[in-house]
Structures are given as C-alpha cells and as structure tokens.
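Colleague: structure of the sequence below:
(2 chains)
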Protein chains: 2
Amino acid sequence: MLGGYTGSILRVELTRNKILKESLPEELVRKFIGGPGISTKILYDEVPHWVEAFDPLNLLIFSTGPLTGTAVPSTGRHFVNTKSPLTGYLGEANAGGFWGAELKFAGYDLIVVSGRAAKPVYLYVDNDRVEIRDAKPYWGMDAREADRAIHEDIGDKKVKIVDIGQAGENLVLISGIMGEDASRAAARCGVGAVMGSKNLKAIAVKGDRKVPVADRESLQNCLKELANILSKDPNTRSFRKYGTAGYYSVGMDLGDSPVRNWTRGVFKGADKISLPGGYESVYVGNRACFNCMIACRRVVEVNRGRFATAPEVEGLEYQSLAALGGNCCIDDIEALVKANDLCNLYGLDTISTGSVIAFAMECYEKGIIDENDTDGIDLKFGNKCALIKLIHRIAKREGIGDLLSCGVARASQILGKETFDLAIHVKRLEVAMHDPRAFQALSLTYACSPTGARHMEGETVFAERPAIDYPELELSDLDRLSTKRKAEAAFKVQNLWSALSASGYCLLACATGTTAYPINLNVQFLKAVTGRKLGFKGLMKVGERIFNLRRAFSMKHGLRREEDTLPRRLLEEPLKEGGSKGSTAKLTEMIGDYYRIRGWNPMTGIPTKDKLAELELDDVAASFY
Amino acid sequence: MLGGYTGSILRVELTRNKILKESLPEELVRKFIGGPGISTKILYDEVPHWVEAFDPLNLLIFSTGPLTGTAVPSTGRHFVNTKSPLTGYLGEANAGGFWGAELKFAGYDLIVVSGRAAKPVYLYVDNDRVEIRDAKPYWGMDAREADRAIHEDIGDKKVKIVDIGQAGENLVLISGIMGEDASRAAARCGVGAVMGSKNLKAIAVKGDRKVPVADRESLQNCLKELANILSKDPNTRSFRKYGTAGYYSVGMDLGDSPVRNWTRGVFKGADKISLPGGYESVYVGNRACFNCMIACRRVVEVNRGRFATAPEVEGLEYQSLAALGGNCCIDDIEALVKANDLCNLYGLDTISTGSVIAFAMECYEKGIIDENDTDGIDLKFGNKCALIKLIHRIAKREGIGDLLSCGVARASQILGKETFDLAIHVKRLEVAMHDPRAFQALSLTYACSPTGARHMEGETVFAERPAIDYPELELSDLDRLSTKRKAEAAFKVQNLWSALSASGYCLLACATGTTAYPINLNVQFLKAVTGRKLGFKGLMKVGERIFNLRRAFSMKHGLRREEDTLPRRLLEEPLKEGGSKGSTAKLTEMIGDYYRIRGWNPMTGIPTKDKLAELELDDVAASFY
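Modeller: Have a look, this model is predicted:
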C-alpha cells in the first residue's frame, strides 16, 4: 500500500450489529485517491437506484484522504457521503477539526455504515476495539451535550466525536453531522438525517497509530517551503485573523453575497456583522483544526442579554453569516452568533436554514403565508427574534418548522406555484452563498453539480478574481461578469477540487486564494506522503474521473439533464444595485461549451462512452449504455 | 358528467392542514375511467421522480370506480395508489367492504392526500363537512381498536373507516391499510407505511347522496340477467361457501400453491387447513361486501387455547392461507386464524409477511442465521409459535422483526449473497401465492408488472385453466404448462383487469372464473351506469392505456428493463413433485413476444412513441423521448 493510507475500511452493519474490517483495495486508491472519490465508488457499486435515502440499505460513509493525519498542514477534514434525502442524488458534506486525523490514527481510512439500528446506538472505535454501544442516554440531546456526555462516560479526552443533534434525530432534511463540541459541521445535503435514520447518534474515535509517510525528507522540505511562503504573505495573515468571515464585506462589495432572499445587491446592515466590523464585538480569539498553520476559526461569545451563548462558541463562517445574516436581512451580530450556535447545537445546515427562513420571510411579506401559518410569528425580513424562533421550530419540526424542515424545494411545492420562484435551490439543495450573477462560472458549477448548488463543488470565485492566480490552471485575466472561458474555468476548478478533496485537503486553506498556498505544493505534498508520482496533470485527471463518477451516481439515481439549471431568479432577475448590478447568470450561453469540454452527451447529460472509457470508468458505462 | 361519478375529488393537504374540493376532469374519466387509472395519472403528473415514498410530497390516493356504490353487485372495492416504499415504483392495493361505496355517498370519487401532518390526525368526511381531526388518542392502537374507538367517539355506526395499525405507524414496509373492524386489507406495496409517514391514522367517511345512474332500466335488466346466471351456477355456489380459500386444495393439486418458501410441490398438511377440510373446524359463517350477491367472505373464530381470537374474526383468504400456511409449512388452522388476525390487527400484508417469515425460516434452516439473530426463536419450518412471535416482532420492528419488516429483498441484501436466491420477490414485492411454474403466463404478469409480483396485476390462472372460458378473450384451450400464446394471454388479462379495476369491479367475483359472471355483463353494467358506449374492445383499449401509464410511472421513477424478471428459484429450480412437477417459469421464451405485443422497446422496455401516441399518452412520452 502507498504511504498515507491505513489500508483499512471499517464496515459497520447496524441492522445485524456486525463489525467487519476489510482491506482498502489498491485499485480504488489508484483510481480515486480517497475521500469522496472512494466513497462515491462504494456508493455507486453498493447502493441500487431504488434504495431511498432513509432506507437501511443506504450507506453513510465517513472518509479521509491520504494526507489526513499527516504533517501536511490544512488536512484536518473528514468527508461524508451518502444518498441525500434532500436531493435524492449524491450527498456530500465535509468538516474540519480533529476527527478525521483521529480516525487514521485508529487505523481506518473510511467507515462505511449500513443498515439501521433497532435502538439508538453510537459507535466506539479505539484502534482494533470497535463496539456498537447503546446511545439511549444521549438520544434527544443536542450535539454539544451529547458530545460532552459521551466524553464523560468514556472518560478519555483524547476521543474525538462526531454526532447529530435533534435535527438529525428528527429526520430534518437540512440537518448535518456535527463534530467536536458541536463546533464543526458536515452540514450539507441532509447527511445528518441519514445518520438519524440509522439510529446512529455518534461516532467516537481514538487511536495510537501513525500514518505512514513514503518520503519523510521530501515532506520536510515541502513543509519548510510552505511555512516560508505563508509567513510572508499578507493574504494569509488576514485569513488567519478573519477566516472566511473576512470575505463578507468583500463579497458584499462584489455583489456576490445574497441579500433579502437573493433580490438585492446591497445590504445596509453589512458593516454591523462584517469582520472587520461589528463582528469584532463578539470576537474572543482563534482556533485551529488538526495540524493547521492558519487557524482560521474564530471563537466568539455573547455574554449577556437575550442572545447570550455559552462561553467560547464557534464563530460564524462566511456562508453562515451570509445565509442567516444578509439573506434574512438580520444585522445584529449577537443574534447571528446565537442563531449560528443554535444551528450547531441542533445540527442544522446554516446555509439551508438561512435560505429556508429567507424563503419563508419572502412568502410572508408577499402575503402567501400569514400569521396563521407562522404560529403568530411576524416573519418580516430583519426580524431577528423570528429567525431564532424558526430555528427552534425547524429542528423540532414544530408548526411551520415542519414544512421548512424539508428545505425550500419541498416547502414551495407544498405552498404552491406562486412560491416556486422564491425557492432558491438547485436539485433541491439550497444555493450556497455566492451569487452566480457575480461570478459567471459559478452558474456552471452550481447547475451541473451532482449534489446541487454546493460551493465545495468548485468555487470559481477565486479563479474569476484577477487578484488571484494559480498559474497551473492557466486561467489568468478572467472577467467575473463575462462568460468567456468560463466553461473551461468551471471544468478545471471542479476537477482540481475533486482531486484535492480526495487527497484530504482543506480547500479553504489550500485552493481558494485565501492563502498563498501554491498548487504545486499540493502536488508535491501528495507525492511525498504517498510515494506516488501523479503530477499536476495526473491529479487533474483523477479529479475529472471522480467528478464524472459522482455525476454518474446521481444520474443512476434519477438526475436528468433538465435539472442542470438554476433558479429563475438568478437566470432572469438582474440585481438593481451593488457590485454586480445589471448582471444575470448566463447559464444558457455557457452550458453547451461546458458539456462539450466535459464530454457529456448534450441531449442526455450523460458522459459519453468514450469519455467514460478514457477515464477508466467502463464499469459505470454499463449502467447507461 | 357521466353517470356513476360524483364528479368531485377531495384534496387533503396535511402539512398545511388544508382541504380542497375540486372537479374531476372529464378528460381523466374518458381516458382512464377511474380507480387506479385516474389515480396513476394524478401521481404521474404530480409526483416528481425524486420524491421518495415517505416524502411529504408523495401522494396517497384512495379511489373508486364509476360502479362503486351503485346497484351493480361486487363493486364494493376501493383502491389505494401511491409511490411504494417497498418497490420505489407504483404502489397499488385494494380492498373490499363498504368504505368505497360510502365515499361515493359522501360525494367523492377520490381522496388525494398530500403532505404530512405534524401530529397524528384522522380525516373525518361527512358529505360536505370535512375535517382533519386529532388522532393522538388512537395512535398506537391496533386497527380494530382504533376503528372501534373512533366509531365510539363519533357516535355514528353508519361511518365507515379505513385505518392503519401499529405496522403502518412504525413504517413497516410490508404494512397495509385496513378497513372495517380490521377485517379487510388494502395490503400490498407498503401503502400502510405511506399513510403512517403522513401521520394519518384513519379516514372516517359517511354520506347521504346517491350515485347517479344513466340508464336505470338497462341496469335492472342486467341485474336480473346476472342473478339468473349466478343462481344456476355450481361454481358460484361453491365460491359463495368457500370463497377464495376453496382454491387452496385446488391450487395444491395443480402445484400452484407455494410450499416451504417455493421449494416443494406438495404440502402434506394441506388437508388440515383447506376448505373443505380442516378450515371447517373454525368456520362460523359468511359475510358480504357492499351490495354483493356472492358473500364470499368467511367468518371464523378460535374459542379457546393459545390461539384464541376475538369472536367472529375474518377468515383467511387463499393468499393468506398459502403464505402463512403452506409456504411456512404451518398446518394448524387455529394458529393460522390467529396469525391472520394478528396481521389484520397490526395492519400487515399477509402475503409479504408469510413470505418474509418463510425466507427467514429457510435462512435459519440453512444456518445463515441462528438463534442469536432470532432472539432465541427456533425458526424451523412448521413452527407455529415462531410464526406468531415473528408477526409481533415485525409489526413492532423488534429484534429480527426490524430486519424482516423491510421485506425479503432488503433483508436478503443485508444478510448477504448466499440469501439472494431465497428472497422470492419481483421488484422488491414478495411474489403472490400463485406459482408461475404452474401457470406460464403468470411469469409475464409478475415479471413485467409495474408494481411487482401482485396477483391483482392480471392473474392468468383462470385463463390458463381449460375449465374456465371467457369467450371474449379468445383464449380457449391454453395449456397452463406450455408457453404457447401466453404473451397474448398475459397482455389480454392485464388489460382487462386494469379496465375492470378502474371501473370499480371486484375482480375476484367478476373476472376469475370463480363465479359465472360473464364479461359481457361487465361491459353492459358499465354502459348502463355511466351512459358511455365503450364496448368490450373500447374497454380493453382503456385497460391497455392504464397499464401503459402505470408502467410509465414506474419507469419514470427508475424501473429498468432488467428488472422485468423473476427470482432465480422460479426460473431455474423445477418442482420435484406435485401437479407442476418438472416445470420452471419459462420467462425468457415468452418475454420477447410479450414486448412485441405490448409495443415496448425490447432494449429499454419503454413503450414506443407510436404505442404511446396510439394510446393518447403523448404527454407521458415527453418524459422518455
């Protein structure tokens, strides 16, 4: 086996209460590297198209990459894949922290969970000792409470835990899987609800093993080089301080950050919640994920008043700030800290939660729903108390929260045609907080994604900003508002991100221009750790293979070409003000080119036989041809 | 509007707590008559392919035909359609009784239930007064207890109720919807679980209206003719006494009735449970559905001992007798009465329940599962106490019951490859209790059905028996063990049954040769009631249209041509004894012919464009071409 891998998959069958260790096939490693690449291959092979998301036969796969748990910085993430109950297609989410590294130390590259426990359970992994344990005492607890209670019962602080809050237990379709004291979220695509459907409250992991490294000397050299680059770089310094939240004012200036359910280009209250800006009033320090040189996480707290939180809770990321803040027109940073913390406790996806509340607010202001529907809540944009109340109701599926717990797509289907245009989603997944009207290539990333409009599918924002350049991508001098070369940009960024995720990288730190982390170092680190000579081009080819495999999974489960689209609002309603004034998402201008570059049949959207053969995905071709 | 119809659809949206009455479009009536025909059209148009069975967006549709609630005998059925959680495709079930007629009297042809109530509710329909009422007091009750409690609380004996037992509440995938004191079951395809997922415990209906009839005189003449025919007919007399249970000994002689999970052609204990035979010891009388001249239902009771039941419970139908009896090798009629009654109380599909228990017994005898898996139950074939224990566990999803509650297909997926051949299902639905090795055309009915292996898809048994002849079908002199003209037979019987179901007929009484009810009288009754001149050929064309629409629904939701198949055991393992000794299901010999006759593309199984155009299903074609 190559360096970087433990070589083991942990299989946990909850219906039969069986645990099985099996070898990670080298063929999977060669073709898909790790993370979502290998997970999707297992899902593709083992989950038939007729299996529904909450079916015991659905798999919930936790994975790492070869770099996870090594000395390579910014590789603290773990990945979650499953069939999504929100989209019905490939579900994917990831989170930073320490859990992924600990899983590697315990001796596993992946955990594949199947079946459904008859009673609430949690999984305990201590190296070779693996147990399915009773979780009845923790069921009903929020994610932080459960994390602490399990820690206390185990009596070992080294243990790292991922778990679900009440939202996942209640099968809320916009629930995620939390980590480490409910501070980190693998949030998207309803992965928390799948964990809930399996009656699996938590996975507690610890281990003593070391991740093998192929070439220690080369790794040390790369580390020195990176430290040197980052120490001199002003972007890195800024990102270290402000993290992703620092983008809020930037995004607002660019007309990239949604306001009032995607109808406005400017948010007057932006300064009150930006960092620097009003966000500073709640800021108390920084935190790092496993072995990260950046430490971009912010620690915040609200000490008193109705939005008081526990001490030192996790600060809002850019996505949460935009979704709960500007998109709902909430300009009170204390309310937002509270809202964000509540989402973390319940285990709710902040992007989807903010989106579905913004949707409900617009329905309310348009008179489509009224106080009879909202249990008397005055659901106007900007009502911070309404925001907090709705989060409780969504997690508990109470009153209107039961409707909203299904996400905007289903809620609008139930509310009727006049709400269809207010539901901002792609393939049922609420659109992430970058506006394709501000960055044209995002139109393609969102519309043609196998998982819906996730920013982690290939956030082209960096590639479309002239200030940031990754020379290997050969994408300099793009104009963000123009469609020129955007099919190529989306293609390249999606492939790159697929490959880097599979390797175990934190894309935020390594591939978005937030830091000066060079792409060629990504490639060198991977070589040093695994011993495999892949090179930049080889890596991009693996990324393309993974992206097509992920596409194929969703198509096997029903995704059709017509669903490669965007909400009408983004396609047809230009913003009336701000940095992207007058722009619409010109998807139709680009999608033909994109399909051509991808080698997808323009009528069906299915990768052509030739493309699949070129990518060594012939076994996948058999499902379509 | 034609005679026979109330002209109204009742829409109930449980998420928003809304009730809406709308007109039944005449175009739907013309093209699909009623029942599953119209229901499937609504499902096709309104349930997107990505909606899962337990999604609030899934629809649960209760329907009747134009003959329901009229003087035409043997039209006491109602139909249930939904997206099935068991198959993922079209779900369909039907039950006799009085509920369907009462729904018509209340003024509705269909009830379309959408959404999901936040708390348990039941629907109360009294003519124009329609209310969504709290069902918390009834949740957790069995189907009979709930029926009686609701009756008592309403204080009106005229009310007719359908409800779910604990199995539906617990989302057991093999649960049905019970009717009238838990005596009648719309059992198949997991429709009860869909009702449970909507938090809908029951629908109570009463009404005072009359169903309009176009030509009363002609109706009277037909009635006289039918009464005359039936009074002289020995088959009718026998069916009146023994009902479907009378077929058990006949089926056993023909090698048609499964034994020991479909591995044997003879069941030694058959006489002990047959009627006439051991069944007589528990028999106490007969019962009729609404306005039926036959009254084929048997009332039974076990007065003492460990299998004692309540007084006057419903007797086992043929399907239940074969599934719980011979297929599990249980030869104690009292145990079977108890098992059947338990299934009715919990709201379990007896066919699927018997099948999944027979499957588990074979797994146990082969050593694939042992007493650790079965909670200590000695799961040998013939163990009547094990049968009873498993029924409780399946309904409650306790222990091994949780695994078995998913049906044989999912259970075998979880137990592993060595059990795949023991799981006797088509498209995840457990095969009904007629053996295609005994009646070759059944291979096609089962394999090519949009809903899985339901006998109600077109039970060719009557057409393949030389004793019974419907001259209109032009199918005389078929040899049941030969494949000759069987594609044609399956095609005709499926079309006929689709049309007769849509009209509201009880197929058992009117189209299986159990009685002398002539097909031309079916046609004449329909004309007399509706005033529409359809004729036999016109009726068959509507049947073909409905069948193709039902197929199209399932294909839109993922059904593939490869799934048009049978369990390997039926295809390759000949019975070693009995009336069909040496025979296998020769599906591959017939399926090409069948596709050709159907006008389906032999590669994809999708109806050709020309066929869809011929059937005026052009709007459906848009989903595929």
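Colleague: if I look at the residue nearest the centre of chain A, what pLDDT would I see?
Modeller: In chain A, the residue lying closest to the centroid (C-alpha atoms, centre = their mean) is A:Ala93, at 4.0 Å. A:Ala93 carries a pLDDT score of 98 in this model.
Colleague: assess the claim that it and A:Ile177 are in contact.
Modeller: Yes: counting by C-beta atoms under 8 Å, A:Ala93 does reach A:Ile177; the two are 7.0 Å apart. Glycine gets a C-beta too; all of them are placed from N, C-alpha and C.
Colleague: mutual contacts of these two, please.
Modeller: A:Val80, A:Ala185, A:Ala186, A:Ala187, A:Val191 (C-beta atoms under 8 Å, 6 or more residues apart in numbering or on different chains).
Colleague: which ones among these lie within strands?
Modeller: Mapping those onto strands (DSSP state E) picks out A:Val80, A:Ala185, A:Ala186.
Colleague: A:Leu275 should be in a strand, yeah?
Modeller: No: counting by DSSP: H, G, I helix; E, B strand; the rest coil, one finds A:Leu275 to be coil, located in no strand.
Colleague: helix, strand or coil: sort out the nearest residue to it once chain neighbours are set aside for me.
Modeller: Closest residue to A:Leu275 apart from its sequence neighbours, by C-beta to C-beta, 6 or more residues apart in numbering or on different chains: A:Ala245 at 4.2 Å. Following three-state DSSP, the label given to A:Ala245 is helix.
Colleague: and A:Ala245, how many residues sit next to it?
Modeller: A:Ala245 has 27 neighbouring residues, counting by other C-beta atoms under 10 Å in any protein chain shown.
Colleague: okay, it: pLDDT?
Modeller: We have a pLDDT of 96 for A:Ala245.
Colleague: mind checking the SS state of the residue nearest to A:Asp215 when sequence neighbours are not counted?
Modeller: Distances taken as C-beta to C-beta, 6+ apart put A:Ala528 closest to A:Asp215, at 4.8 Å, once the chain neighbours are dropped. Under three-state DSSP, the three-state class of A:Ala528 is helix.
Colleague: spell out which parts of the stretch 51-200 of chain A neighbour chain B.
Modeller: Proximity of the stretch 51-200 of chain A to chain B, by C-beta under 8 Å from any C-beta of the partner chain, involves residues A:51-57, A:85, A:87-89, A:114-116, A:118.
Colleague: cutoff 7 Å now
Modeller: Contacts of the stretch 51-200 of chain A with chain B, taken as C-beta under 7 Å from any C-beta of the partner chain, map to A:Glu52, A:Ala53, A:Phe54, A:Pro56, A:Leu57, A:Gly88, A:Gly115, A:Ala118.
Colleague: do chain A as well
Modeller: Neighbours of chain B within chain A, by C-beta under 7 Å from any C-beta: A:15-16, A:49-50, A:52-54, A:56-57, A:88, A:115, A:118, A:397-399, A:402-403, A:406, A:410, A:413-414, A:428, A:558.
Colleague: one more time with 6 Å
Modeller: Where proximity means C-beta under 6 Å from any C-beta of the partner chain, the interface of chain A facing chain B comprises A:15, A:49-50, A:52, A:57, A:88, A:115, A:118, A:402-403, A:410, A:413-414, A:558.
Colleague: touching, the residue nearest to A:Leu275 and A:Pro276? I think so.
Modeller: No: using C-beta atoms under 6 Å, A:Ala245 makes no contact with A:Pro276, being 9.6 Å away.
Colleague: in the stretch 501-625 of chain A, which spans are helices?
Modeller: Using DSSP state H, counting those that start in this stretch, the helices of the stretch 501-625 of chain A run over A:507-510, A:519-530, A:535-556, A:568-572, A:587-598, A:609-614, A:618-621.
Colleague: alpha carbons of the first one, as PDB, please.
Modeller: Only the C-alpha atoms of helix A:507-510 are listed here, as PDB (Å, rounded to 0.1, in the frame of the first residue of the first chain):
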ATOM      1  CA  LEU A 507      -9.900  23.600   0.200                       C
ATOM      2  CA  LEU A 508     -10.500  26.800   2.000                       C
ATOM      3  CA  ALA A 509      -6.900  27.000   3.200                       C
ATOM      4  CA  CYS A 510      -5.300  25.400   0.100                       C
END
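Colleague: run a quick neighbour tally on A:Glu334.
Modeller: Residues contacting A:Glu334 under the criterion other C-beta under 10 Å number 22.
Colleague: hang on, it is in a strand, isn't it?
Modeller: No: secondary structure assignment (three-state DSSP) places A:Glu334 in helix, not in a strand.
Colleague: for the nearest residue to it once chain neighbours are set aside, pull up the helix or strand it's in.
Modeller: Distances taken as C-beta to C-beta, 6+ apart place A:Phe307 nearest to A:Glu334, at 4.2 Å, with adjacent residues excluded. If you go by DSSP states H and E, A:Phe307 is not part of any helix or strand.
Colleague: wait, A:Phe307 touches A:Leu336, no?
Modeller: No: assessed by C-beta under 6 Å, A:Phe307 is found out of contact with A:Leu336, at 8.6 Å.
Colleague: per the record, what domains does chain A have?
Modeller: For chain A, automatic domain parsing gives the domain ranges A:8-206, A:240-430, A:441-624.
Colleague: can you list contacts of the helix or strand bottoming out on mean pLDDT in chain A?
Modeller: Here the helix or strand of chain A ranked lowest by mean pLDDT, DSSP states H and E is helix A:507-510, holding a mean of 88. The set of residues external to helix A:507-510 that reach it, using C-beta atoms under 6 Å, 6 or more residues apart in numbering or on different chains, is A:Ser74, A:Ile294, A:Trp497, A:Leu500, A:Thr515, A:Tyr517, A:Asn522.
Colleague: which two in those residues are spaced the farthest apart?
Modeller: The span of these, defined through C-beta to C-beta, is set by A:Ile294 and A:Trp497 at 18.1 Å.
Colleague: for the closest residue to chain B within the stretch 301-450 of chain A, pull up the helix or strand it's in.
Modeller: Residue of the stretch 301-450 of chain A nearest chain B, by C-beta to the nearest C-beta: A:Asp402 (4.5 Å). Following DSSP H and E, one finds A:Asp402 within helix A:400-404.
Colleague: just how off-centre is that helix within its chain?
Modeller: Distance of helix A:400-404 from the chain centroid (C-alpha atoms, centre = their mean, to the nearest Å) equals 23 Å.
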